[in-house]
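Next come a sequence and a model predicted from it.
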Amino acid sequence: LSCSSGKYLFQGNCLDVCPTGRYANWITSTCEVCSKECTSCFNSTYQDCITCDTDSGYVKIGPTVCSYPSCIYGSYFNATKKRCENCPTGCSDCIGQSNCTECIKGYLLNSYTQLCYDECNKIGFYKDKTTNECKEICGDGRNMKILECDDGNLKDGDGCSSAGKLEEFYTGT
């Protein structure tokens, strides 16, 4: 089925104007879907909007561009609540309530959960009171892969120094 010139096919009907959320594709003479950010558009991308889907939280950030509003570092735009909210505990930046992209000092990003966890809550770590950073405990016999080595003591000269560094000239005697 095709439509005469100046008409656009939509659900088996030839229309003069495409319905809300669609645009007239003059090449195919069909009504095509606008990007989800737009309620009306002149092409298919978020950069081709005439009006934005404000019910979903999108705003105009340029003459024809609809997007979520920018939030300050350490926060993200909550589309349901239509406002910026703080990132989860431990995150320095995020793209959602459960999607951290960076962690603050003393926290580690879990690539599976995309959340930041206090690394000091794990066995083998302590919180440095001066820097507030988590550091690996040296001398406890657990190498958590931050120190070069951990031989279970704080003796120098036995292959692993009291600072958790491999001793270069250790001969093993």
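Structure's in. What do you need? Bear in mind that the values here come from a model prediction, so they are computed numbers and not experimental data.

Tell me where this structure has helices.
Under the criterion DSSP state H, the chain carries no helices.

What pLDDT is listed against Cys14?
Note for Cys14: predicted pLDDT of 96.

which residues sit in contact with it?
Contacts for Cys14 (CB atoms under 8 Å, 6 or more residues apart in numbering) come out as Cys3, Ser4, Lys7, Tyr8. C-betas here are computed from N, CA, C, even on glycine.

So what touches stretch 98-108?
For stretch 98-108, the external contacting residues (CB under 8 Å, 6+ apart) are 76, 87-88, 90-95, 109, 113-120, 127, 131-134.

Can you turn the buried part of the residues you listed into a PyMOL selection?
Those of these that count as buried under 16 or more other CB atoms under 10 Å are selected in PyMOL with:
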select buried, resi 76+87+88+90+91+92+93+94+109+114+115+116+117+118+119+120+134
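
sorry, back to before: show me which pair in the contacts of Cys14 is furthest apart.
The two members of those with the most space between them (CB to CB) are Ser4 and Tyr8, at 10.3 Å.

More neighbours: which of those two?
A direct count of neighbours by other CB atoms under 10 Å for Ser4 and Tyr8 places Tyr8 higher, at 22 against 7.

Next, find the distance separating the more buried one from Leu154.
79 Å (CB to CB, to the nearest Å).

before we move on, what about Lys82?
With distances taken as CB to CB, Lys82 is found 56 Å from Leu154.

Then Ser2?
According to CB to CB, Ser2 stands 84 Å off from Leu154.

Pull the contacting residues for Lys156.
Quick fix: residue 156 reads Asp, not Lys. Shown in contact with Asp156 (CB under 8 Å, 6+ apart): Ser162, Glu167.

pLDDT score for it?
Looking at Asp156, its pLDDT stands at 90.
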